[in-house]
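In: no sequence on this one, just coordinates:
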C-alpha cells in the first residue's frame, strides 16, 4: 500500500522578543480597543484627552466585565468585588473603612444591629446629608420606606452590602443614590409618554426594569413599593417636561370670521 509522504508544518522566522507592557500600558491598549471598537462614537473625543471621559470609559468597561462574569458565573475577584463595583479598581492600595463619624455623601449604610431605636428601618440606605458636631449625625435615605429620610447618629450606622452594578442603555449605574435618581428619570419618561398618548421608548422601559430589579434586590423591598414611595419625586420630574411641551406647542390657529 502506498503511504503518502508526511507533510511538515511550515516554519516562520521568530521575531525578536518584545518587552511586556506595564500595567498602565496594558490598560491603555485595552481602553483604546474598547473606545474604538465597542463605544465607537465618532466625534465624542478620546479618554486620553479628558479625565472625565476616561472615568466614564473605565466605569463602563468595568461594568461590562462584571456583567460578563455574572453571566458566566465567574468569581474572579471575590475579596475586592465591593471596591470594583464602586469604580475603585485598585487592589494594590485597599481603602480603609470609614470611621463611625467619617461617612460620606452617597455612602451605603444600614442601622447597626442592636441600636435601640425600633423606628429605624432594617433595610439598607444611602447617606444624603452630613451633620457634624460633638455627636455627628447623617441623613439617610432608605429606598422603599414611606418616610424615606431619617436623621441617624453616625455611630449607629455600619456599612451595607454594596449596591450591585446595574447595566442600562446609558451605561452602568454605580451606587444606590445614582440608581434611585436614574429610576426616577426612567419612570418619569414612561409616565410622560403615556400621558401624551405615546408609547414609552424601549430604552426607558429597559432602564426602568433593570433599575427596579437592582433596587429591589438590594433593599429586599418590592419594586412596586419602591416606585410608589417615589411617586412625588416622579411627578416633580415630569413637571418641567410638561411645562416645556406647553411652551413648545404652537398656538391654536385663530378662527376665521365669515
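Out: In hand now; what should we look at? Since the structure is predicted, the reported quantities are computational estimates derived from the model, not experimental observations. Residues are numbered from 1 along each chain as shown.

In: show me where the stretch 51-200 of the chain has helices.
Out: 51-71, 81-85, 176-195 (DSSP state H, counting those that start in this stretch).

In: list the buried ones in the longest one?
Out: Same thing as helix 51-71. 53, 56-66 (16 or more other C-beta atoms under 10 Å). Bear in mind the C-beta positions are built from the backbone N, C-alpha and C, glycine included.

In: a markdown table please, covering the helices of the stretch 51-200 of the chain and showing mean pLDDT and distance to residue 239.
Out: What follows is the helices of the stretch 51-200 of the chain, written out as a markdown table (pLDDT from 0 to 100; distance: least, C-beta to C-beta, whole Å):
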| stretch | mean pLDDT | distance to residue 239 |
| --- | --- | --- |
| helix 51-71 | 72 | 29 |
| helix 81-85 | 42 | 33 |
| helix 176-195 | 94 | 9 |
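
In: could those helices be laid out in CSV, adding distance to residue 129?
Out: Formatted as CSV, the helices of the stretch 51-200 of the chain follow (distance: least, C-beta to C-beta, whole Å):
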stretch, distance to residue 129
helix 51-71, 25
helix 81-85, 23
helix 176-195, 12
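
In: Regarding the protein, what is its longest strand?
Out: strand 125-131 (DSSP state E).

In: So which bits of that strand are buried?
Out: 125-127, 130.

In: so which of those residues would you say is closest to residue 146?
Out: Ranked by distance to residue 146 (C-beta to C-beta), these are led by residue 125 at 13.2 Å.

In: who's in contact with the closest one?
Out: Residue 125 makes contacts with 108-110, 140-143, 145, 150, 160, 176, as judged by C-beta atoms under 8 Å, 6 or more residues apart in numbering.

In: hey, which helix or strand in the chain has the poorest pLDDT?
Out: helix 81-85 (a mean of 42; mean pLDDT, DSSP states H and E).

In: can you count the residues close to the closest residue to residue 68 other than its chain neighbours?
Out: Closest residue to residue 68 apart from its sequence neighbours, by C-beta to C-beta, 6 or more residues apart in numbering: residue 74 at 7.5 Å. By the criterion of other C-beta atoms under 10 Å, residue 74 has 11 neighbours.

In: Starting from residue 213, give me the distance back to residue 74.
Out: 21 Å (C-beta to C-beta, to the nearest Å).

In: on that earlier part again, out of the contacts of residue 125, which are inside strands?
Out: Among those, the members falling in strands (DSSP E) are 108-110, 140-141, 150.

In: Is it possible to get TSV of these that adds distance to residue 156?
Out: Putting the ones in strands among the contacts of residue 125 into TSV (distance: C-beta to C-beta, whole Å) gives the following:
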residue	distance to residue 156
108	15
109	10
110	10
140	10
141	16
150	10
